[in-house]
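Undergrad: Quick check, what structure comes out for this input:
(2 chains)
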Amino acid sequence: MRPFAYERAADARSAVAARAAGAADGAGAVYLGGGTNLVDLMRLGVVSPGVLVDVTRLPSDGVEETAGGGLLIGAAMRNSDLAAHPLVRRRYPMLTQAVVAGASGQIRNMATVGGNLLQRTRCSYFQDVTKPCNKRAPGSGCPARNGDHRNLAVIGQSEACVATHPSDMAVPLAALGAVVHIEGPGGARQVPMPGLHRLPGDTPERDTVLEPGDLITAVELPPLPFAARSRYRKVRDRASFAFAVVSVAAALDVEDGMVKDCRIALGGVAHIPWRAERAESALRGSPATEAAFAQAAAEELAQATPLPHNAFKVPLARNVVVRTLLDLVEAS
Amino acid sequence: MNGEGNSGPVFADPITADIMLSVNGDEHSVAVDTRETLLDTLREHLDLIGAKKGCDHGQCGACTVLVDGRRVKSCLTLTVTVDDREITTVEGLAADGALHPMQAAFVERDAFQCGYCTPGQLCSAVAVVREVADGWPSAVTPDVSGPVSLDDDEIRERMSGNLCRCGAYVNIVAAIRQVGA
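TA: Residues are numbered from 1 along each chain as shown, chains lettered A, B, ... in the order given. As a prediction, the model looks like this:
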């Protein structure tokens, strides 16, 4: 591992300044959250920054209520604290379910909200510096396309990259249209999910729309009363401590047997947490029945372009969407 | 170390930091390479070799220790990040010569075979009992907005970050149930 300087930032502004100073020296300065992904990637040689700016001590590490019934989550909040927060559990249960479905208890104690959003793909070629990878080494090629891609993307991928975004937490955030608060060299701005992450296209080295030096300071959950009835369902290769093969976050507002409103997002299927807008449109105003759910899921997944070894994800995603929505109807 | 005519790789000098580390109630003054993990500092500098290096990638849990009472993977924790924290390793669980109740339960229930994962299992298990007492939900909690109790499914889910290649899981669950349920 390349030697690096370590700095601990007390607030967002000084973090951005410290990172900029490191970058100006040509050292390759990055922010350090819980380190559960970054430290491993440094050890593997995937990334080798010269300066680490520790942003885990920023004061924004809790949950505040916003006007109208939403929540503002500090980016330095640990994943386990987010999942256990009473207001998150009550107002957005799918968010708690998604967070506790991710990683292990130890890692959730370390990982921050900002870091969770910015974790890198677990595509095995990305993590193996002896292999080509367009995300790690642009232009070097993508062995996954003709190699091991069983766990990779089936929707929105490109010729250059078929990686998936690994976060569970990001899936309900995409469904909720959570707003990501950013402090950067150019000032403060906000980006609504799922717009933080980007499809790979021909520049898969960029996971997000963030510019160099941008720091996530908070994630704002908009008020959404019907999200009190929401659910996260994750399918994985073992019962615990595994990334999603396919996951679904869904919230459903049903009145007199009709879908008044809904939110649906998919994990494990794309380079981004995939907001199922086509399925949502199809469902609004339709009966809350298994047939309608299946039809809506099929419309969403008609866009899928799976590879030979992950085609199973398409019917799996359809079935998980239907099952999750039916669970929500039955729970009401 | 490159001699004349040696064209081997040139490495930048390490960057070190002089820090105080509080471990099991003792203060230690240590000079650490910024790249050093807490696991390596404990084992190589402080001779606390209870925490084990299994995978060194955060996947096996053998390196689990408590930082401010919370379980973490010491193999993914940079030592410079915890200079103002209170660290507890398996060596710090026993008090006044008496085993921690979790350690006693592991002995009583025969919850290990080779013992390599045991320090991590113990630190993790102690934290699990506290997390449940604090009402933290898990992935198998039926209603995450409701209360939490420590049954066998909850123990298995919450301990999934600690692997045991001997397969002592059945007795590990029994030991944790004895202490925490």
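
Undergrad: For the rest of this, base every contact and every neighbour count on C-alpha atoms.
TA: Will do.

Undergrad: The one residue in the stretch 1-150 of chain A that gets nearest to chain B sits in which helix or strand?
TA: Residue nearest to chain B within the stretch 1-150 of chain A: A:Gln106 (4.4 Å; CA to the nearest CA). Assigned by DSSP states H and E, A:Gln106 belongs to helix A:105-110.

Undergrad: I'd like to know the beta-bridge partner residues of the nearest residue to the residue of the stretch 1-150 of chain A closest to chain B once chain neighbours are set aside.
TA: Nearest residue to A:Gln106 in three dimensions, chain neighbours excluded: B:Val72, at 4.4 Å (CA to CA, 6 or more residues apart in numbering or on different chains). Under DSSP bridges, the beta-bridge partners of B:Val72 are B:Val65.

Undergrad: Could you list the contact residues of the stretch 51-200 of chain A toward chain B?
TA: Within the stretch 51-200 of chain A, the positions adjacent to chain B are A:54, A:83-84, A:86, A:89-90, A:93, A:96-97, A:100-101, A:103-107, A:109-110 by CA under 8 Å from any CA of the partner chain.

Undergrad: What ranges does chain B have for its strands?
TA: For chain B, the strands defined by DSSP state E occupy B:16-23, B:26-33, B:64-67, B:70-73, B:86-88.

Undergrad: Could you dump these into JSON lines and include mean neighbour count and mean pLDDT?
TA: Shown next, in JSON lines, are these (neighbours: other CA atoms under 10 Å in any protein chain shown; pLDDT from 0 to 100):
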{"stretch": "strand B:16-23", "mean neighbour count": "17", "mean pLDDT": "97"}
{"stretch": "strand B:26-33", "mean neighbour count": "15", "mean pLDDT": "98"}
{"stretch": "strand B:64-67", "mean neighbour count": "27", "mean pLDDT": "98"}
{"stretch": "strand B:70-73", "mean neighbour count": "28", "mean pLDDT": "98"}
{"stretch": "strand B:86-88", "mean neighbour count": "20", "mean pLDDT": "98"}
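
Undergrad: Distance of the residue in chain B that chain A sits nearest to relative to B:Val128?
TA: Ranking the residues of chain B by distance to chain A (CA to the nearest CA) places B:Val72 first, at 4.4 Å. Per CA to CA, to the nearest Å, B:Val72 is found 12 Å from B:Val128.

Undergrad: and what of B:Cys75?
TA: Counting by CA to CA, the separation of B:Cys75 from B:Val128 is 19 Å.

Undergrad: more neighbours, these two?
TA: Ranked by neighbour count (other CA atoms under 10 Å in any protein chain shown), B:Cys75 and B:Val128 place B:Cys75 first, with 30 against 24.

Undergrad: where does chain B have low pLDDT?
TA: In the predicted model, chain B carries pLDDT under 70 at residues B:1-10.

Undergrad: Point to the residue nearest the middle of it.
TA: B:Thr64 (1.3 Å; CA atoms, centre = their mean).

Undergrad: Report the contact partners of it.
TA: A:Gln106, B:Ala51, B:Arg71, B:Val72, B:Lys73, B:Ser74, B:Pro119, B:Gly120, B:Gln121, B:Cys123, B:Ser124 (CA atoms under 8 Å, 6 or more residues apart in numbering or on different chains).
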